[in-house]
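>>> I would like to see how this sequence folds:
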Amino acid sequence: MKILLVTNMYPGRRRDASTQGIFVKEQVEAIRRTRACTVDIFAIDGFRGKFAYLLSIFPIVWRAWCGKYDIVHYHFGLSACSAPLVKKLTSAAVVITFHGSDVMGAGLMRRLSLLFSKFADISIGVSAEIKSRISNSSARCRVIPCAVNEILFRESSDKFPVKRNCKIVVFPSSPLRPEKDYQLFKDVTNILSSRYLINIEERHIDGLDRHEVRDLLDRADCLVMTSKREGSPQAIKESMAMNLPIVTVDVGDVRQLLTGCDGNVVIDGRDPGVLAEAVARILKREARSNGRIRLAELKYFSDDVAGEIVEIYKSVAP
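Next comes the predicted model:
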């Protein structure tokens, strides 16, 4: 099968966010490893403004028609702005993967994403919550999360305990993104310092390359997620693959991910004191989690997810 993958998030397109969309690239690489498909990429530079999407429509349709692709697979709702014409003018089937902010928010982005979902032969939500948002507008829906690169994200086998006078607590994003609620994270670390007298070294994932992220998660003592909304957060799954303990608010699919996963805590509500108390318990425990075992049970590693995607391609290919 010939696949044209269209996305507004592909690594290397932005100097200030060179790893944005790395999970899309990793999915492409895993699908190619199955040898069931050839996959070509069309990247939309949506960060340049809304007209980048409009300007992409005819080049995508032309490429889909000339390349005789079996499937055009869009990642992110707005990226599928050419889907109506692809369906009308080419023989390619349409698959759209929705990642969260495309259909979870309000306003024009959500309305357009739901409109484009009507032209999908099958829609994929990376979490059950996202699927519920698109199920009324898309005839066929599946839940398939973005996978974890289990080869890269593996706890060091030769790691020796390092005595430090501080605990490394990771904020899994950029403080500049309001939906990640850095202020709540900061409130939690302030309480850890003032009430529990724990010396905290705060670290952020943004600005790091993949190996730097992996090394940070390997050294860290805990990851704390305070997001207001998520789909199926990669930072949680990558931390699980590294057996890093996690404390998180109940957002996206984190409760499903962490159910039965020792050494992790999902908190109802957004009280910084409750979150800080859970983090303090985790830090006092000084043990890794069993997150990697849970990911394997869920079949969230790259080859497992790639196999599911290929089966979807086979089910809709003309």
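>>> Could you use CA atoms for every contact and neighbour count after this?
Fine.
>>> And the strands in this structure?
2-7, 38-43, 71-75, 93-98, 122-125, 141-143, 167-171, 200-204, 222-225, 246-249, 264-267 (DSSP state E).
>>> I'd like the ones you listed as CSV, with mean pLDDT, mean neighbour count and distance to L257 appended.
Shown next, in CSV, are those (pLDDT from 0 to 100; neighbours: other Cα atoms under 10 Å; distance: least, Cα to Cα, whole Å):
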stretch, mean pLDDT, mean neighbour count, distance to L257
strand 2-7, 98, 22, 26
strand 38-43, 97, 16, 29
strand 71-75, 98, 26, 22
strand 93-98, 97, 27, 19
strand 122-125, 96, 26, 15
strand 141-143, 95, 19, 13
strand 167-171, 97, 21, 19
strand 200-204, 97, 16, 22
strand 222-225, 98, 26, 14
strand 246-249, 98, 23, 11
strand 264-267, 97, 20, 10
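>>> Just put the ones you listed in TSV and tack on distance to R111.
Compiled in TSV, the strands of the chain are given as follows (distance: least, Cα to Cα, whole Å):
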stretch	distance to R111
strand 2-7	18
strand 38-43	22
strand 71-75	16
strand 93-98	13
strand 122-125	16
strand 141-143	18
strand 167-171	31
strand 200-204	32
strand 222-225	28
strand 246-249	27
strand 264-267	31
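>>> closest to F301 out of the ones you listed?
If you check each of those against F301 by Cα to Cα, strand 141-143 wins as the nearest, at 14.8 Å.
>>> Which elements pack onto the closest one?
On a contact count with 3 or more Cα pairs under 8 Å, 6 or more residues apart in numbering; DSSP states H and E, strand 141-143 meets strand 122-125, helix 128-134.
>>> Go ahead and name everything in contact with that strand.
I122, S123, I124, G125, V126, S127, A128, K131, I134, S135 (Cα atoms under 8 Å, 6 or more residues apart in numbering).
>>> can we see that at 6 Å?
Contacts to strand 141-143, defined as Cα atoms under 6 Å, 6 or more residues apart in numbering, come from residues I122, S123, I124, G125, V126, S127, A128.
>>> How about stretch 25-38?
Contacts of stretch 25-38 (Cα under 6 Å, 6+ apart): M1, K2, D303, A306.
>>> List the buried residues for that stretch?
For stretch 25-38, burial by neighbour count (16 or more other Cα atoms under 10 Å) applies to K25, E26, Q27, V28, A30, I31, C37.
>>> do the same with stretch 137-151
Those would be 137-138, 140-150, for stretch 137-151 by 16+ other Cα under 10 Å.
>>> from these, which is closest to T189?
Nearest to T189 among the buried residues of stretch 137-151, with distances taken as Cα to Cα, is V148, at 27.8 Å.
>>> Relative to A106, how far out is the closest residue to the closest one other than its chain neighbours?
Nearest non-adjacent residue to V148, counting by Cα to Cα, 6 or more residues apart in numbering: F301, 5.1 Å away. F301 is 32 Å from A106, where distance means Cα to Cα, to the nearest Å.
>>> what's the answer for R270, then?
22 Å.
>>> The two: which is more packed in?
R270 (15 against 10; other Cα atoms under 10 Å).
>>> Need the nearest residue in space to A93, chain neighbours excluded.
With sequence-adjacent residues excluded and distances taken as Cα to Cα, 6+ apart, A93 is closest to I71, at 4.6 Å.
>>> quick one, what contacts the one you found?
Counting by Cα under 6 Å, 6+ apart, I71 touches I3, A92, A93, V94.
>>> With E179 instead?
S227, K228.
>>> tell me the pLDDT at it?
Listed pLDDT for E179 reads 92.
>>> R210 now?
So R210 comes in at 89 (pLDDT).
>>> Excluding covalently adjacent residues, which one is nearest to D181?
S227 (5.4 Å).
>>> gap between that neighbour and C261?
From S227 to C261 the distance is 20 Å (Cα to Cα).
>>> same deal with A220?
From A220 over to C261 the distance is 18 Å, taken as Cα to Cα.
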